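need a 3D model of the following:
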Amino acid sequence: MQCLGYTKEQFQFIIVQPIKLYAFHKANQKIHPLPDLAPEELISAIGMDALRWYSLRVPLTAVAPINISTAGQPDDSLYRVQSAHFRCCTLLQQAKEEIGAEVCPPLPIAEKLNSLLQVVPKILEQSANEIAPHLVIQHLEAISEICHQWLDSLSLTSPDYALLLATKQTIFYLLVNILNVTAPEPSN
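Numbers count the residues shown, from 1 in each chain. All right, here's what the predicted structure looks like:
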């Protein structure tokens with residue numbers, strides 16, 4: 001760039017990553033690779049959020065596998081992360097309505113969730129330094145799994161409100177501000 005008379009700051013680039021599409025074939029109960037789809041058809045089939053999520057879920061040097069049959073289903077990792085955020089939002093709304101609820105000591109699973117939230121800045125720094133967005137997604141998936149376990153054991157009469165709020169805010173920040181993926185919230 002400098003030889004061409006430009007500064008390093010004027011250099012712009014686009015990261016391109018190959019993707020491989022798969023679909024479940026009901027007749028023979030197997031997953032089969034799909035031929036290439038036009039970008040508009042792919043976005044129409046799975047949505048931009050899923051396309052962005054699965055493209056960034058693996059290292060940029062690897063081929064990103066996308067199963068269009070399971071995108072958006074309950075076992076889908078993006079669905080699990082978005083539903084963890086949604087559940088946090090719902091419980092926060094319910095907890096606000098219950099003023100004076102007793103707060104129980106945190107469960108061991110809540111402590112594990114809290115430790116995952118504490119390392120988010122380090123994960124973001126490592127991801128940026130290595131140009132490795134898959135590290136953010138892997139961490140979000142870990143937060144989501146622990147969050148679902150914690151929320152399943154959480155009693156609404158005794159929520160750990162601060163941890164619930166921190167979890168919701170962290171998931172929202174990483175999804176929306178870092179990965180540019182939708183974080184659904186319940187309507188009031």
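
which regions of this structure lie under the pLDDT threshold?
Along the chain, the model assigns pLDDT under 70 to residues 1-4, 8, 10-17, 24-29, 97-107, 155-159, 188.

and the helices in it?
Here the chain has its helices, by DSSP state H, at 39-46, 48-56, 77-97, 108-118, 120-130, 134-153, 161-172.

who does the lengthiest strand in the chain pair up with?
Counting by DSSP state E, the longest strand found in the chain is strand 19-25. For strand 19-25, the pairing partners within the sheet under DSSP bridges are strand 30-33 (antiparallel), strand 64-67 (parallel).

which one of the helices of the chain lies nearest to Y6?
Smallest distance to Y6 across the helices of the chain (Cβ to Cβ): 23.7 Å, for helix 120-130. Using the backbone N, CA and C atoms, a C-beta is placed for each residue, glycine as well.

what are the buried residues along the closest one?
Across helix 120-130, burial judged by 16 or more other Cβ atoms under 10 Å covers 120, 123-124, 127.

adding distance to L21, write those residues out as a markdown table.
Shown next, in a markdown table, are the buried residues of helix 120-130 (distance: Cβ to Cβ, whole Å):
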| residue | distance to L21 |
| --- | --- |
| V120 | 31 |
| I123 | 29 |
| L124 | 30 |
| S127 | 26 |
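
roughly how far does I137 sit from L78?
As for I137, its distance to L78 is 9 Å (criterion: Cβ to Cβ, to the nearest Å).

can you list residues touching both of those two?
W53 (Cβ atoms under 8 Å, 6 or more residues apart in numbering).
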